[in-house]
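Enquirer: How does the following fold in three dimensions:
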Amino acid sequence: MKVIIIGPRGKMGRLITMIAASRDDMEVVAGVAPKGRSYIGQDLGAVAMIGYELGVPVTDDLKSVIELGDVIIDFSTKEMAMEVLELAITHKKALVCGTTGFSPEEMLMFQNAAKEIPMLYAANTSKLVNIMNKLLEVVTSTLKDEIDIEILEMHDQWKKDAPSGTSKEMGEIMAHALGKELDEIAVYGREGASPRVPGTIGYHSLRAGNIPSSHTVFFGGMGERLEITHHSYNWECFARGACDCAAFLAEQKPGFYTIKDVLNL
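Expert: Okay, the predicted model is just below:
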């Protein structure tokens, strides 16, 4: 399968380029960067700093290379992702998107795209995070109103959105297990007199240094507490998961998929 990588100089784009280029079932045919970058025209391998050249120049014009690929992998910016989505629909190309920070209206555009293309959206492409999500669903649906739920998520100082897309997805899974919508029960931080409202899900976001993604969900009962935590040591686990998503998507018909489909969860 032929892969186009969006944002190859980003922290995820570099790793996705490295892993995709090393896989026997993938050929990286294009790298697309934001307009105006100084490295436009340079070899993708050099731009992604993977240690060798790929013989593929980086471009800032997706339209000029989109027909070369079978699947597009996009972990860029919210703004760039919307442009990528539009072109993917126009040219009927499968799309894996791991960019976060979209509004509900923008997310609806991704869901609607699934009527025309194979579309996979994943706020987090780590296999272990998605197994953790399954555990969160089991705990919440079993204990329901017997527990208080709090989420602590930590990321580096450059993380733009808060709470993280991963923690929002975790909250949505647990809210649905309670028969509710996250928007109805989420509480973001506390200050002053803030007694806990039963049935809510509390969010706390830390941003510091170069902390990689870390998520802990606290289930507080009377006289006991359960914590389920995932730590990523670096972003390689997400890049490997993204490539697995692309390999899965290349075989699918138009539809909206998640990493749960990839992992059969």
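
Enquirer: only C-alpha atoms for contact and neighbour calcs from this point on.
Expert: Fine.

Enquirer: Show me what counts as buried in the helix or strand hosting residue 15.
Expert: Assessed by DSSP states H and E, residue 15 sits inside helix 11-22. Along helix 11-22, these residues count as buried under the neighbour rule (16 or more other CA atoms under 10 Å): 11-21.

Enquirer: Stretch 249-265 now?
Expert: Of the residues in stretch 249-265, those with enough neighbours to count as buried (16+ other CA under 10 Å) are 249-250, 254-260, 262.

Enquirer: one step back: helices and strands around the helix holding residue 15, which ones?
Expert: Applying 3 or more CA pairs under 8 Å, 6 or more residues apart in numbering; DSSP states H and E, one finds that helix 11-22 makes contact with strand 2-6, strand 27-32, helix 236-249.

Enquirer: how about the strands in the stretch 1-150 of the chain?
Expert: All strands of the stretch 1-150 of the chain, identified by DSSP state E, counting those that start in this stretch, fall at 2-6, 27-32, 58-59, 71-74, 94-97, 118-121, 148-155.

Enquirer: Just tell me which of these ends up closest to residue 41.
Expert: The stretch from those with the least distance to residue 41 (CA to CA) is strand 58-59; that distance is 5.1 Å.

Enquirer: What pairs with the closest one, parallel or antiparallel?
Expert: With DSSP bridges as the criterion, the sheet partners recorded for strand 58-59 are strand 27-32 (parallel).

Enquirer: And the strand it pairs with, how far out from the chain middle?
Expert: Relative to its chain's centre, strand 27-32 lies at 20 Å (CA atoms, centre = their mean, to the nearest Å).

Enquirer: List the contacts of it.
Expert: Residues outside strand 27-32 that contact it (CA atoms under 8 Å, 6 or more residues apart in numbering): 1-8, 17, 20-21, 44, 56-62, 65, 68-69.

Enquirer: Kindly list the main-chain dihedrals of the residue lying farthest from the centre of the chain?
Expert: Computed with CA atoms, centre = their mean, the residue of the chain farthest from its C-alpha average is residue 223, at 35.6 Å. As for residue 223, its main-chain torsions (degrees, to the nearest 10) stand at phi 80, psi 0.

Enquirer: Start at 656, not 1
Expert: In the new count, where the first residue is 656, that last one comes out as residue 878.

Enquirer: how near is it to residue 801?
Expert: 12 Å (CA to CA, to the nearest Å).

Enquirer: ditto for residue 721
Expert: In this structure, residue 721 and residue 801 are separated by 52 Å, where distance is defined by CA to CA.

Enquirer: Between the two, which has more neighbouring residues?
Expert: Neighbour totals were compared for residue 721 and residue 801, and residue 721 leads with 22 against 14 (other CA atoms under 10 Å).

Enquirer: Touching, that one and residue 658? I think so.
Expert: No - with contact taken as CA atoms under 8 Å, residue 721 and residue 658 are classed as non-touching, separated by 9.6 Å.

Enquirer: I'd like to know which of the contacts of strand 682-687 are buried.
Expert: Buried by 16+ other CA under 10 Å: 657-663, 672, 675-676, 699, 711-715, 717, 724, out of these.

Enquirer: follow-up on the earlier one: now render the helices and strands packed on helix 666-677 as TSV, adding distance to residue 745.
Expert: TSV is the format used below for the helices and strands packed on helix 666-677 (distance: least, CA to CA, whole Å):
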stretch	distance to residue 745
strand 657-661	16
strand 682-687	17
helix 891-904	18
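
Enquirer: Kindly reformat these as CSV containing distance to residue 794 and mean pLDDT.
Expert: What follows is the helices and strands packed on helix 666-677, written out as CSV (distance: least, CA to CA, whole Å; pLDDT from 0 to 100):
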stretch, distance to residue 794, mean pLDDT
strand 657-661, 37, 98
strand 682-687, 41, 97
helix 891-904, 25, 95
